[in-house]
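Visitor: could you work out the structure for the sequence below:
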Amino acid sequence: MIVDHATGKVTKTESITEGQDLAEAKSQSAAMAKAKTDLKAAVDKSAATTSGSRAISVTPALKDGHPVASVILLTGQQFQTVEQPLQ
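Guide: From the prediction side, this is the model:
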């Protein structure tokens, strides 16, 4: 999916039907099926812990069988990855 960063509207979508992208999509789907917290809440919590930062990416995953969100934050010109539980 491609989203226009200025408007927030989806500009293009493509189905995932094979390969590594499909495997990753299935893994992310499995993580979200176990999640009790949505990704927006995980992003908000991550950004609140680091003053002046903003989230630029979030990816759900299973870690030791538990759903987590890996949030990449940008503070100034520094990147930081924070994991938030989704339970």
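
Visitor: hey, which helix or strand in this structure has the poorest pLDDT?
Guide: strand 2-3 (a mean of 84; mean pLDDT, DSSP states H and E).

Visitor: give the other helices and strands that it contacts.
Guide: strand 10-12 (3 or more C-beta pairs under 8 Å, 6 or more residues apart in numbering; DSSP states H and E). In this view, the C-beta of every residue, glycine as well, is placed from N, C-alpha and C.

Visitor: can you list the buried residues in whatever helix or strand comes next after the strand it packs on?
Guide: Downstream of strand 10-12, the next assigned helix or strand under DSSP states H and E is helix 19-34. Across helix 19-34, burial judged by 16 or more other C-beta atoms under 10 Å covers 28, 31-32.

Visitor: residue 68 versus the most centrally placed residue in the chain, what's the distance?
Guide: The centroid of the chain falls nearest to residue 58 when counting by C-alpha atoms, centre = their mean (1.9 Å). Using C-beta to C-beta, to the nearest Å, residue 58 is found at 11 Å from residue 68.

Visitor: okay, residue 46 and residue 67: tell me how far apart.
Guide: Counting by C-beta to C-beta, the gap from residue 46 to residue 67 is 15 Å.

Visitor: likewise residue 75?
Guide: For residue 75, the distance to residue 67 (C-beta to C-beta) stands at 25 Å.

Visitor: fine, thanks again, bye for now.
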